[in-house]
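Colleague: Compute the structure for the input listed below.
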Amino acid sequence: MRLIGFASLVVFVFALSGCSVRMQNLAGAAEEALFGNDDVVLTEAEIADLPYAAAYFDTETSGRIVAVLDRATELQRVYRTGGEEAFVTRFGRVISSSNMPGVPLYTSDWASDPLSCWVRQTAAQHTESNCHNSWQRTVELGNYGSNVLRQIKVSSTFEVAAQQTYRHPDGTELQATKIVERGVFAGENFSNEFYAVNGRVVFAKHYLSKDLGYGILQEIKPFNGDL
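Modeller: Predicted structure coming up:
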């Protein structure tokens with residue numbers, strides 16, 4: 001893994017503040033340092049100094065990158081990388097993306113995903129009960145510009161595993177609730193894992209597509225609205 005300099009990350013983070021040109025005109029050195037082919041690792045001190053919420057993202061076929069939180073709604077988070085790539089998450093699950101081949105373009109019926117209920121149950125003041133344990137949706141893959149799209153029916157079931165200690169990239173040890181989702185994606189059996197702490201997902205490993213396999217989203221610095 002490659003240990004990057006914090007100065008390069010700061011160049012990227014402050015480029016994000018450019019509103020209409022938010023992800024353009026990034027310094028080439030910063031983009032290469034953060035979003036090259038090698039895995040990226042930040043030290044605990046660098047994470048503490050980050051001015052923005054951020055997460056690691058990688059797949060079975062690609063190295064780890066740093067994605068910075070660009071926008072947040074009540075339940076969705078929009079992350080961007082150093083180029084034109086972007087993806088949307090909901091409780092740690094990637095439900096849509098742009099310019100990221102193999103990552104779902106769109107997930108139907110995302111509002112009915114039982115994962116949200118199971119995650120909310122880990123909050124200290126949770127009000128969720130009787131969470132559903134199954135979900136069916138359609139995942140769209142491809143490229144809108146090429147007119148080559150695939151729609152795949154996916155079904156899955158959920159269960160809660162025992163709590164376990166999870167070491168956050170910032171060095172904090174957390175007691176996390178492991179939520180397991182099992183299902184079938186285009187004939188492939190999958191088993192997803194989501195680690196929830198006080199109503200937020202700090203680590204998620206879930207199946208994206210046959211091309212990429214599993215994707216891993218790991219919180220580096222949390223969004224203040226999730227704390």
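Colleague: Output stretch 65-84 as CSV - backbone C-alpha positions only.
Modeller: Output in CSV follows, covering the C-alpha atoms of stretch 65-84 (Å, rounded to 0.1, in the frame of the first residue of the first chain):
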residue,chain,number,x,y,z
ILE,A,65,-9.2,5.4,-3.3
VAL,A,66,-10.2,8.2,-1.0
ALA,A,67,-13.7,9.6,-1.8
VAL,A,68,-14.8,12.9,-0.2
LEU,A,69,-18.4,13.6,0.9
ASP,A,70,-19.8,16.2,-1.6
ARG,A,71,-23.4,16.4,-0.5
ALA,A,72,-25.7,14.9,2.1
THR,A,73,-29.4,14.6,2.4
GLU,A,74,-31.3,13.0,5.3
LEU,A,75,-30.6,9.5,4.2
GLN,A,76,-28.2,9.7,1.2
ARG,A,77,-24.6,10.6,0.9
VAL,A,78,-22.9,11.7,-2.4
TYR,A,79,-19.2,11.0,-2.6
ARG,A,80,-16.8,12.2,-5.3
THR,A,81,-13.3,11.1,-6.3
GLY,A,82,-10.6,13.1,-8.0
GLY,A,83,-12.1,12.9,-11.5
GLU,A,84,-15.6,12.8,-12.8
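Colleague: Which residues in it does the neighbour count mark as buried?
Modeller: 65-70, 77-82 (16 or more other Cβ atoms under 10 Å). C-beta: built from backbone N, CA, C; applies to glycine.
Colleague: Which members of those residues are the farthest-apart pair?
Modeller: Greatest spatial distance among the buried residues of stretch 65-84 (Cβ to Cβ): 77 and 82, at 17.7 Å.
Colleague: Which members of the buried residues of stretch 65-84 are positioned in strands?
Modeller: Counted as lying in strands by DSSP state E, out of the buried residues of stretch 65-84, are 65-70, 77-80.
Colleague: Can I get these in TSV including pLDDT and distance to residue 112?
Modeller: Output for those, formatted as TSV (pLDDT from 0 to 100; distance: Cβ to Cβ, whole Å):
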residue	pLDDT	distance to residue 112
65	90	30
66	91	31
67	93	26
68	93	29
69	94	25
70	93	25
77	94	19
78	95	21
79	95	23
80	93	27
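Colleague: between those residues, which is nearest residue 89?
Modeller: Closest to residue 89, out of all of these and judged by Cβ to Cβ, is residue 77, at 4.9 Å.
Colleague: what about the residue nearest to the closest one when sequence neighbours are not counted, which SS state?
Modeller: The shortest distance from residue 77 to any non-neighbouring residue, by Cβ to Cβ, 6 or more residues apart in numbering, is to residue 89 (4.9 Å). Recorded secondary structure, residue 89: strand (DSSP: H, G, I helix; E, B strand; the rest coil).
Colleague: burial measure for residue 89, as a count.
Modeller: By other Cβ atoms under 10 Å, 22 other residues sit near residue 89.
Colleague: for it, which residues make a bridge with it?
Modeller: Residues in a beta bridge with residue 89, per DSSP bridges, are residue 77, residue 94.
Colleague: Thank you kindly, that will do.
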